[in-house]
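> Build the 3D model from these lines:
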Amino acid sequence: MRKILCVDDDPVIHKVFKRLLNKVGLEVVTCLNAREALAVFKPGEFVLLTDITMPGISGIELARQILEIEENVPVVLVSGNALEEHVLAELPSTANVQFLTKPFVAMRDVLALLEKYAGY
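As a prediction, this is how the structure comes out:
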């Protein structure tokens, strides 16, 4: 089973995801930025759940670097701006990437996606 690597510069998002995902049995590791995430990431261990817009290294650049380490890692990109979905074209066409817009309309759909990626 894969853990969820939640990367967002907002600590409130960490608390929300950690609480919700732990309730359904998913293990969550949180990072405030891409540098922390790159230090923690291990191939085969994580699903990457990352905000796109963060100071320093963006979520899309983080995903690109993680995909260089593990090309089949599941990636979920999150943004408050639905227009940012075009960034998917910046990643390899073979990448296993999903895009979600905040606020989430149906949290159960988010949970189902993460459970699927984590192998539950």
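
> Touching the lowest-mean-pLDDT helix or strand in the chain from outside, list them.
Using mean pLDDT, DSSP states H and E, helix 107-118 stands out as the lowest-scoring helix or strand of the chain, at a mean of 80. The contact list for helix 107-118 (C-beta atoms under 8 Å, 6 or more residues apart in numbering) reads 1-4, 20-21, 24, 26, 47, 49, 74, 76, 96, 98, 100, 104. For every residue, glycine as well, the C-beta is placed using N, CA and C.

> In the chain, which residue is most central in space?
In the chain, the residue lying closest to the centroid (C-alpha atoms, centre = their mean) is residue 49, at 0.9 Å.

> Run the angle between the helix or strand containing it and helix 107-118 for me.
Secondary structure from DSSP states H and E places residue 49 in strand 46-51. Interaxial angle of strand 46-51 relative to helix 107-118 (axes from the mean of the first three to the mean of the last three C-alpha atoms, to 10 degrees): 140 degrees.

> next one: strand 46-51 to chain centre, how far?
2 Å (C-alpha atoms, centre = their mean, to the nearest Å).

> Only the buried residues of it, if you could.
Within strand 46-51, the residues scored as buried using 16 or more other C-beta atoms under 10 Å are 46, 47, 48, 49, 50, 51.

> Quick check: beta-bridge partners of the fifth one?
If I follow you right, that is residue 50. residue 7, residue 77 (DSSP bridges).

> does it really touch residue 63, like I thought?
Yes: between residue 50 and residue 63 there is a contact at 6.5 Å, judged by C-beta atoms under 8 Å.

> what do these two both touch?
Joint contacts of residue 50 and residue 63 (C-beta under 8 Å, 6+ apart) are 75, 77.
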